[in-house]
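S.K.: no sequence on this one, just coordinates:
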C-alpha cells in the first residue's frame, strides 16, 4: 500500500470524528514526507529533535509540526520557532 493509500484509509476511518491524523516521520526520509504532504497530510510528528530540525526546512511552511515524547530542556531552542505542539507526558 502506498503512502497516499495509507493516509486515505486512515482519514476515511477518522471521518466524522474530531480526531486529526499526525503522520509520524521517525526514521523516514524527506522524500516519504513529501509523498505524505502530496497526499494531503499537514500534521507531522517526530520524537527526535535533530531529525525534526533537519526535516522542517525541507517541507512547505503550512506543515504543523508535533514533538512527540520527552523533550529535554536544552533542546527546546532548536524547536521553539516552528513546533506547533509538544505531546508529552
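M.R.: Sure thing, it's come through. All values reported here derive from a predicted model rather than from experimental measurement.
S.K.: could you report the separation of the closest residue to residue 65 other than its chain neighbours from residue 30?
M.R.: Once flanking residues are discounted, residue 65 sits nearest to residue 83: 5.0 Å by Cβ to Cβ, 6 or more residues apart in numbering. All C-beta spots, glycine's among them, are computed from the backbone N, C-alpha and C. To residue 30, residue 83 is 17 Å away according to Cβ to Cβ, to the nearest Å.
S.K.: what do you get for residue 74?
M.R.: Computed with Cβ to Cβ, the distance linking residue 74 and residue 30 is 25 Å.
S.K.: what helix or strand does residue 31 sit in?
M.R.: Assessed by DSSP states H and E, residue 31 sits inside helix 30-38.
S.K.: for the record, mean pLDDT for that helix?
M.R.: Mean pLDDT, computed over helix 30-38, is 97.
S.K.: how about stretch 81-89?
M.R.: Computed over stretch 81-89, the average pLDDT equals 90.
S.K.: so how far is that stretch off the chain centroid?
M.R.: Relative to the chain's own centre, stretch 81-89 is displaced by 11 Å; criterion: Cα atoms, centre = their mean, to the nearest Å.
S.K.: follow-up on the earlier one: helices or strands next to the helix holding residue 31 in the packing?
M.R.: With contacts taken as 3 or more Cβ pairs under 8 Å, 6 or more residues apart in numbering; DSSP states H and E, helix 30-38 sits against helix 3-14.
S.K.: tilt between the helix it packs on and helix 30-38?
M.R.: Counting by axes from the mean of the first three to the mean of the last three Cα atoms, to 10 degrees, helix 3-14 lies at 50 degrees to helix 30-38.
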